[in-house]
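>>> predicted coordinates and the sequence they were generated for:
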Amino acid sequence: MVSKEIQPHDFRFMLYNISTTTFTKAQKRWRLAYFTIHFSNTLISIAKNVVVNVSDKLPVSHNPYSVIKVVIPKADPAPGFSHVDQVDLIDTVKTKDLRKLHKLGGVEGVVESLETDLDNGINGRDLDRRRSVFGSNTYEKRPPKGLLYFVIEAFKDTTIIILLGCAALSLGFGIKEHGVEEGWYEGGSIFVAVFLVIVVSAISNYRQEIQFNNLSKISDNIKIDVVRDGRRQKISIFDIVVGDVAILNIGDQIPADGLFVDGYSLLVDESSMTGESENITVDAVTNPFLFSGSKVADGHCRMLVLSVGTNTAWGRMMSSITGDSNEQTPLQVRLNKLTSSIGKVGLAVAFLVLVVMLIRYFTGNTEDENGKREYNGKSTNINVVFDSVTRIFSAAVTIVVVAIPEGLPLAVTLTLAYSMKRMMADQAMVRKLSACETMGSATVICTDKTGTLTTNQMTVTKFWIGLEYIERDSSNVIATDVLELLHEGVGFNTTGTVFKSDSGSVPEYSGSPTEKAMLSWAVADLDLDMEKLKQTSTVLQVETFNSKKKRSGILIRRVADNRMNVHWKGAAEMVLAMCSKYYQSNGCIKTINSDERTQLENIIEGMAASSLRCIAFAYKKVLEHREDSTVYRTLSEEGLTLLGIVGLKDPCRPGAKKAIETCRSAGVNIKMITGDNVFTAKAIAAECGILEFGQQDCKGEVVEGVEFRNYTDEERMRKVDSIRVMARSSPFDKLLMVQCLKRKGHVVAVTGDGTNDAPALKEADIGLSMGIQGTEVAKQSSDIVILDDDIASVSTVLMWGRCVYNNIQKFIQFQLTVNVAALVINFIAAVSAGDVPLTAVQLLWVNLIMDTLGALALATERPTDELMNKPPVGRVEPLITNVMWRNLFAQSLYQIIILLTFQFRGKTIFDVNERVKNTIIFNTFVFCQVFNEFNSRKLEQRNIFRGIHTNRLFLGITGMTIILQVVMVEFLKNFADTEKLNGVQWGVCIAIAALSWPIGWIVKLIPVPDKPFLKYIRY
C-alpha cells in the first residue's frame, strides 16, 4: 500500500490501493458490500463531512435511512515491500501501460520499490521472502493421465473389441456344449488373454506417459543468467524471483514478465504468446515490456523481473495445457496397418474353415469319438446338431483369436519406451518419438564444428599486433595507447563478464566459451581491470554478433576527453578487409600496403591451418559527434585500424574420430558445416577424420558458404553429395544443403545450437540440438537434444535408432512364424478331419507367449556393434525384408510338417490315445516357439547366442515360459485340455523343437535377392 495521510473524502484512494491478493472470498464480498453501501450513502449525503479515524474506524453514514459500520479486514502488508502493489505491477506489464509505469516512477522507481540493485542484483539471502510475497516462478501442470485412462483407451482398440466378441461367443458356446463347470474354460481363457494384453499395454503406455512427463520437466528446466550478490550466475528458470536482474542474449527464452533495463538491438519473438510472426522491437522508451515465454530473436539486454509463475500470461496458459504423448510414429502406423491386414487374413481363413466344416458336417462326412456318423439328417436330435454347430463355430473363433497379432503395436510401444529410457542414459533426450526410429534410417549427418566435434573449451594461444608476434605475459612491450585500445576492444565489445570477489580469489568468467577465453587472456596477459575500465567510458551503441555478419561492434565515449571510438571484433579475415591501417606494438600506425596485407592474410591462414579460430580487433576514432541519436545508427565499417589478431585453440573431442569412423562404417556420410574460415575448417576436418590428410585439397570436397549459395540448382544437386566440409557458412547455407540432400532422397540429420539454426533443424528429418550450448529456440525446433554436445552421442543415437527398427523386425518375424504355422495347421486339420488339434485355451497360451512375453523379450534387446556394419534402411524399404521371409518360411514349414505328421500319424508313432497325441502336438508347438525366439534374436547372424548374457529379461522370460508350460501340461489338464506326458514324450517334444536351431543356422546360409519378395508377387 502507498504510504499517505488519508484526508476526508479520500476513501477512493484508500480503497483502490488495498491489495486484494490475500483476501478470502468472504473478505472480498464484504469489500464489495462496503463499496455499494458507501456509494449509495455518498450520493444522498454528498455535502456532509465524514470523519474518519484511520487507525480503527471506517466512515459511517449519518443519513437517517441507513446506518452501518463496516470493518474492512486488513491484509498483512508484504514485509519490506509495503510500497509495492503487486496487482499494479502485473497489470502494468500485462497491458503494456506506459502511463502507469511512469506513475510508478519508471524503471528506476520500480527498482527502488523492489529493493533491487541493477549492478549487483538482489541479495541471495532475500529469496525466500520474495517468493513468499510475490510467488515462485512455477505453475501447476495438469496431472499426467492415469492408468485407468489407458485401460479405457485399450478397450477402444478394434482388435480388442473383436477378441472380446470372440470371448463372449466362445463362452456361450462352451457353456452350452459342456455346461458351466467346464464350458467356461475357452471363453474365460480368451478373456484372461485379452485382459493380460490390455493390462500390459495400459501399463506400458502409462509408463511412457510418466516418462514423457519426467522428460518435459528436464526440458523445461532452462538455465538463465542473472546477477545476484554482484555475481553473474546461471540458475534454473524455476528459481527466478521478482526483483531479479536477468541477462538475455540471442536465442534465450524470457523467463518471466518484466521490464527492459538496458541493452542493444533487442528484437523479441512473441509468436508463442500472440501468434504474430513479426519480431517486436523492445527498448527503454517506447516498449520496455518483456513477456514470459517469448524468445530473444536478436540483441542483448538486462531485464528486471516483475511477475512470475501464474501471475504471467505464459504461466496461466501453461497451467491449462496438458501434454499429449500419444504420438503415433510412422512405424506404429505401418504396424497398425500390418496388424489389420493379418487380422483380415485370419478372418478370411476362419470364415473358410467355418464354411468347409459346416458343409462337411451337414453332408455327413464327420464322425464322432466312436467312429459313428455325426449327422444323419432329420433323425439327428436338434440339440446334438446345435452342439456340433457350436463346436464348429468355436473352432473358427479360435482361428480368429490366434490370427490377430495384437502384440505388434505393444512391441513398438515397449521398444520405443525402453530405447527412450536408455538413450537418456546415453546423453540423448528424445523430444519426438518418431525421431527414435527415423534416426536409424539416416544416410547423412550435417554436424557443427564447435562443441560437437571440438570440446568448446577455448584458450588464446597466439597473439599478433600487426606483423609482430607477441609472447605470453609480454604486455610490457605494448605501448600504453595500444593497450588502452585493446582493453576497450576486449572489455566493452563483449557479452561476457568478469567477477572478482573481495577476498581476491581467482576471477570468475561468464559468457560464451569464446568470450570467456578472450576475457581471461586479457585479464591475465594484458592486465585488464574490468571495474576500472567501466568507469573510463560510456557505451553509446552496440551491434551484436550474429552468424551472418560474423562480427560485433560498439561505439563508446571516453569520460576524460569525450573522444569517441568505434570498436569491431570478429572473424579475422573479415575484420582485416575493413582495415586500411594497423598498429605496431610501439604505438606507431602504418598504412596497410598490398605486401603487408598479404603477410597479414598469411598469418591468419597459418593460425587457421593449425586448427586455431582467428579473431581480429580493430577500431576507428570518430571525430565528429552530434547528440542526435540517428547519426550513429550504423557504426562505421571502413577505414579501420587493426589492433591485433588472436588465435583460439579449441581441441577436438577425444572420441570424435572414432565416432565419425563408426558412422562411416554404417554407411552414413558426415558433413561438417561451420562458420569458421576454410583453413580452420579443413584442419579440424582432417583431425577428426572427415577429410583425410592427403586429400585436404580434393576439389569439390571443401566449399565456402557463399560459393555453395551461388551455385545454380543443377550444380548444387550435382555437387552436394561430394561436399564434406562447408566453411564460412550462414544458417541459410545449412538450410539450403538440407533441402538439396532431401531432394536427392537422403534421410538427413542435422545438429544445431543457434537460434538461426532453427529452420534447418525443422527442415531436417531429424533435428539434433545441443544441450549445453544450444539456445532454447534451437532445442524447441529439434527432435532430440544431445545433452553433452558430443558427436559420439550422435553416433549412439544412430545406433539406438537402428536398434529400435531391428527389434521390431525381430518380433515381426517371430510372431508371423507362429501365425502362419498355427493358421495352416488348424486350417488343414479342420478341413480334413473336421476338428482342430490345438484348442482355444492352448492357442491363447501360445498367443500370450508370442504377444506379451515375446514382445518383452525381443523389444528390449540392446544395440550391438553389428548394427553399424550395415547400410541404412531407406525411406521406402519394406518392413518385412527378404531375409525375414526366408527365416519365417523355413521355420513355419518345419513346424507345419512336424505337427501335421503328429496330427495324422501321431497315435501310431507314439502309441497313444487322441488326447495324449494332441498334448504332444501342443507341447511341441510351444517349445518350437521357445527355441525359435532364440533364432529371432539374430536375423542374419548365425551365432544366435552372442550377447545373450547381457539380456537378463530375455533369459528370465524364456525360463518363466518353460516353467508355465510344464504347469499347463502336468497340472492344468482340465483347463488346458491336456494329459500328463512321460519322460520320453517330453524328450521327443524338446528334441524336435530344438532342431529349429540347426535349421535356422543352415537357412541363413541361403542367399536372398535384393528385390523385395512382395514385388515378385505384385508383378
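Nice, thanks for sending it over. Numbering: from 1, shown residues only.

>>> for the residue nearest the centre of the chain, what are its contacts?
With distances taken as C-alpha atoms, centre = their mean, the residue of the chain nearest its centroid is R431 (1.8 Å). By C-beta atoms under 8 Å, 6 or more residues apart in numbering, the contact set of R431 is L215, S219, K779, S782, D783, I784, V785. C-beta: built from backbone N, CA, C; applies to glycine.

>>> out of those residues, which is nearest to Q86?
The closest of the contacts of R431 to Q86 turns out to be S219 (C-beta to C-beta; 29.6 Å).

>>> show me the contacts for that closest one.
M429, R431, K779, V785.

>>> quick one: those residues as a markdown table, columns for secondary structure and pLDDT too.
Formatted as a markdown table, the contacts of S219 follow (DSSP: H, G, I helix; E, B strand; the rest coil; pLDDT from 0 to 100):
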| residue | secondary structure | pLDDT |
| --- | --- | --- |
| M429 | strand | 86 |
| R431 | coil | 82 |
| K779 | helix | 84 |
| V785 | strand | 90 |
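
>>> ok, of these, which one's closest to T860?
Nearest to T860 among the contacts of S219: M429, at 20.0 Å, using C-beta to C-beta.

>>> can you add distance to I162 and secondary structure and give the contacts of R431 back as JSON lines?
Formatted as JSON lines, the contacts of R431 follow (distance: C-beta to C-beta, whole Å; DSSP: H, G, I helix; E, B strand; the rest coil):
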{"residue": "L215", "distance to I162": "35", "secondary structure": "helix"}
{"residue": "S219", "distance to I162": "39", "secondary structure": "helix"}
{"residue": "K779", "distance to I162": "43", "secondary structure": "helix"}
{"residue": "S782", "distance to I162": "40", "secondary structure": "coil"}
{"residue": "D783", "distance to I162": "35", "secondary structure": "coil"}
{"residue": "I784", "distance to I162": "37", "secondary structure": "strand"}
{"residue": "V785", "distance to I162": "41", "secondary structure": "strand"}
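
>>> can you tell me how far the residue nearest to the centre of the chain sits from I224?
20 Å (C-beta to C-beta, to the nearest Å).

>>> quick one: contacts of stretch 565-575?
Under C-beta under 8 Å, 6+ apart, the answer for stretch 565-575 is 485, 488-490, 492-493, 545, 549-556, 558, 578, 601, 604, 614-622, 635-637, 640, 642, 645, 675-677, 728.

>>> go on, stretch 101-111?
With contact meaning C-beta under 8 Å, 6+ apart, stretch 101-111 is reached by 88-89, 92, 112-113, 118, 259-261, 284, 288, 304, 306.

>>> quick check: end-to-end length of it?
End-to-end distance of stretch 101-111 (C-alpha to C-alpha, to the nearest Å): 12 Å.

>>> give me the element the closest residue to F732 other than its chain neighbours is part of.
Leaving aside its chain neighbours, F732 sits nearest to R709 (7.2 Å; criterion: C-beta to C-beta, 6 or more residues apart in numbering). Using DSSP states H and E, R709 sits within helix 705-710.

>>> for that helix, what is the average pLDDT?
The average pLDDT for helix 705-710 rounds to 91.

>>> now do that helix: distance to the chain's middle.
32 Å (C-alpha atoms, centre = their mean, to the nearest Å).

>>> report all helices and strands that it contacts.
Here helix 705-710 touches strand 725-727, helix 731-743, going by 3 or more C-beta pairs under 8 Å, 6 or more residues apart in numbering; DSSP states H and E.
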